[in-house]
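Visitor: Curious how this folds, go ahead:
(one chain, ligands or ions: 1)
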Amino acid sequence: MRIAVIGQGYVGLTITVGALSAGHEVLGVDHSESVVKNLMSGLSHIEGIRDSEISSGVESGKYTVVNSYDLVDGSDVVVIAVPTPLTALGQPDLSLLKSASSSLGKVLRSSCLIINESTSHPGTLREVIKPLVDAGNNLGHQYAISPERVDPGNAKFGTRNTPRIVGGLSDEARDAAVAFYRTFCDEVVPVSSAEVAEAAKLFENTFRFINIGLVNEFSQIMGAMGIPVDEVLKAAGTKPYGFMPFHPNVGIGGHCIPVDPLYLQARAAEFGLTSKYIAVSEEVNHAMPKYMVERLADECGGLKGKKVLVVGVSYKADIADTRETPAEPFVKHLREFGAEVSWHDPIVNSWNGETSSPIEGEYDVAVVLVAHSALNMEGWNGEPIFTINSHPKFPQWKPLLSARPKS
Ligand SMILES: NC(=O)c1ccc[n+]([C@@H]2O[C@H](COP(=O)([O-])OP(=O)(O)OC[C@H]3O[C@@H](n4cnc5c(N)ncnc54)[C@H](O)[C@@H]3O)[C@@H](O)[C@H]2O)c1
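Guide: Residues are numbered from 1 along each chain as shown. As a prediction, the model looks like this:
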């Protein structure tokens with residue numbers, strides 16, 4: 001089959017590689033000149049996707065990347081994988097999804113199967129994407145949805161072995177999408193409507209968001225009681241049923257967990273409803289960076305004038321993605337507490353217009369938010385190194401969430 005994949009980022013490139021592995025031809029479309037240039041030079045910009053997976057596609061002629069939609073017409077399947085972030089006011093921002101849909105409407109001259117993989121609220125495929133594509137030229141396209149579950153950097157679960165939910169605006173569309181995904185996914189789960197698939201994705205990530213909020217709040221209660229939260233969670237985790245471990249942290253980050261529950265919340269508001277669980281978890285999770293700065297200030301006898309090195313500013317280990325990273329509010333609060341802040345990250349070279357500082361500077365304290373595999377603290381010559389949780393590889397670093405001594 002000839003597949004067009006709109007957006008060549010974490011999700012789009014993952015699906016591109018999956019489709020190439022099944023022998024399909026793939027046309028990647030991405031607005032970013034640098035993404036197009038790198039991919040056409042055989043270079044992957046996504047962790048977990050090897051250069052060789054890209055270069056072999058380009059060299060065989062089966063994979064091409066362009067920055068215009070002009071060549072999309074004639075595709076059997078068009079997969080949309082563009083960002084769905086939040087606006088500055090925390091509301092769903094569908095502008096990129098809308099512009100991708102309108103662009104498709106303008107170029108398509110023959111009918112095809114259009115699948116949305118971008119995360120959004122129930123009703124997006126039916127009420128937003130389809131009308132915008134059909135406004136260009138109503139050709140009787142089939143519309144389906146398969147919300148992406150990729151977990152960047154996860155070596156155990158990838159495209160092939162992560163079950164994939166598929167819904168459609170018609171049974172025919174859903175069945176065509178199921179047949180497409182079965183060419184490179186082991187398990188495809190058809191559901192009765194597009195809205196079921198869209199809602200399932202939001203519920204999966206809301207479930208994590210709320211449980212992370214619960215454990216973040218619990219860690220603060222344990223801290224006040226002087227009980228080591230990590231040991232409590234380890235003990236609770238020995239229960240073989242009815243319990244799933246979540247871990248407290250400096251906050252939540254990335255393009256999914258902090259964002260998706262707010263899509264559900266915004267959609268619920270259109271029905272006059274509010275999820276109290278989302279609201280309270282949002283409050284707790286967003287309060288964590290400040291709480292962690294307070295814990296650090298306690299440990300250091302105040303932060304005024306202290307030179308603090310924040311280590312690891314992306315949202316998770318071995319991933320360079322800084323979207324929604326909790327390092328941002330953490331640094332902001334450190335500065336409010338009077339600290340002089342620098343940051344170091346071996347895989348994020350520039351962030352917020354600043355560049356990564358070397359480990360070998362004059363600092364009073366280092367706080368490791370994310371310990372990438374590439375992190376090397378050998379040049380560190382300051383005093384303590386703190387982490388958020390205890391780190392199995394670095395037992396000598398002091399975890400800030402461990403219990404305060406009872407006084
Ligand atoms: N990153 C994840 O781990 C993850 C996991 C599951 C689902 N998702 C969802 O998948 C969607 C895509 O996220 P991502 O992480 O792949 O984003 P990304 O930023 O990594 O990649 C998106 C790409 O789309 C391009 N783009 C933006 N607008 C475009 C347009 N109108 N036309 C063509 N190209 C365009 C950008 O240049 C970028 O390269 C989002 O809805 C996200 O919530 C992401």
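Visitor: Do any residues in the longest helix along the chain lie close to the ligand?
Guide: Looking across the chain with DSSP state H, the single longest helix is helix 194-225. No: Helix 194-225 does not reach the ligand (Cβ under 6 Å from any ligand atom); its nearest approach is 7.6 Å. C-beta: built from backbone N, CA, C; applies to glycine.
Visitor: next helix or strand past that helix?
Guide: Per DSSP states H and E, the first helix or strand lying C-terminal to helix 194-225 is helix 229-236.
Visitor: Send me that next one as CSV with only the CA atoms.
Guide: Output of helix 229-236 as CSV, limited to C-alpha atoms (Å, rounded to 0.1, in the frame of the first residue of the first chain):
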residue,chain,number,x,y,z
VAL,A,229,7.7,6.9,51.1
ASP,A,230,9.9,4.7,48.8
GLU,A,231,9.9,1.9,51.4
VAL,A,232,6.1,2.2,51.9
LEU,A,233,5.5,1.9,48.1
LYS,A,234,7.9,-1.0,47.8
ALA,A,235,6.0,-2.8,50.6
ALA,A,236,2.6,-2.0,49.1
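Visitor: Run a quick neighbour tally on Thr14.
Guide: Thr14 has 22 neighbouring residues, counting by other Cβ atoms under 10 Å.
Visitor: Could you pull up the residues touching Val365?
Guide: Leu296, Cys300, Lys306, Lys307, Val308, Leu309, Gly382, Glu383, Pro384, Ile385, Phe386 (Cβ atoms under 8 Å, 6 or more residues apart in numbering).
Visitor: my guess is the first one contacts Pro384, does it?
Guide: By that I understand Leu296. No: Leu296 lies out of contact with Pro384 (Cβ atoms under 8 Å); the separation is 10.0 Å.
Visitor: These two: who's more crowded?
Guide: Leu296 (24 against 14).
Visitor: got the contact list for that one?
Guide: Leu303, Val308, Leu334, Val365, Val367, Phe386, Leu400.
Visitor: Could you confirm it falls within a helix?
Guide: Yes: under DSSP: H, G, I helix; E, B strand; the rest coil, Leu296 sits within a helix.
Visitor: quick one on the thing from earlier: tell me the buried residues within the contacts of Val365.
Guide: Buried subset of those (neighbour count, 16 or more other Cβ atoms under 10 Å): Leu296, Cys300, Lys306, Lys307, Val308, Leu309, Gly382, Ile385, Phe386.
Visitor: Which ones among these map onto helices?
Guide: Leu296, Cys300.
Visitor: As a markdown table, the buried ones among the contacts of Val365 with distance to Val26 and pLDDT would be great.
Guide: Listed next are the buried ones among the contacts of Val365 as a markdown table, based on distance: Cβ to Cβ, whole Å; pLDDT from 0 to 100:
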| residue | distance to Val26 | pLDDT |
| --- | --- | --- |
| Leu296 | 47 | 94 |
| Cys300 | 52 | 92 |
| Lys306 | 51 | 95 |
| Lys307 | 49 | 95 |
| Val308 | 46 | 96 |
| Leu309 | 43 | 96 |
| Gly382 | 49 | 69 |
| Ile385 | 45 | 91 |
| Phe386 | 45 | 93 |
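Visitor: and which of the buried ones among the contacts of Val365 is nearest to Asn376?
Guide: Nearest to Asn376 out of those is Ile385 (Cβ to Cβ; 12.7 Å).
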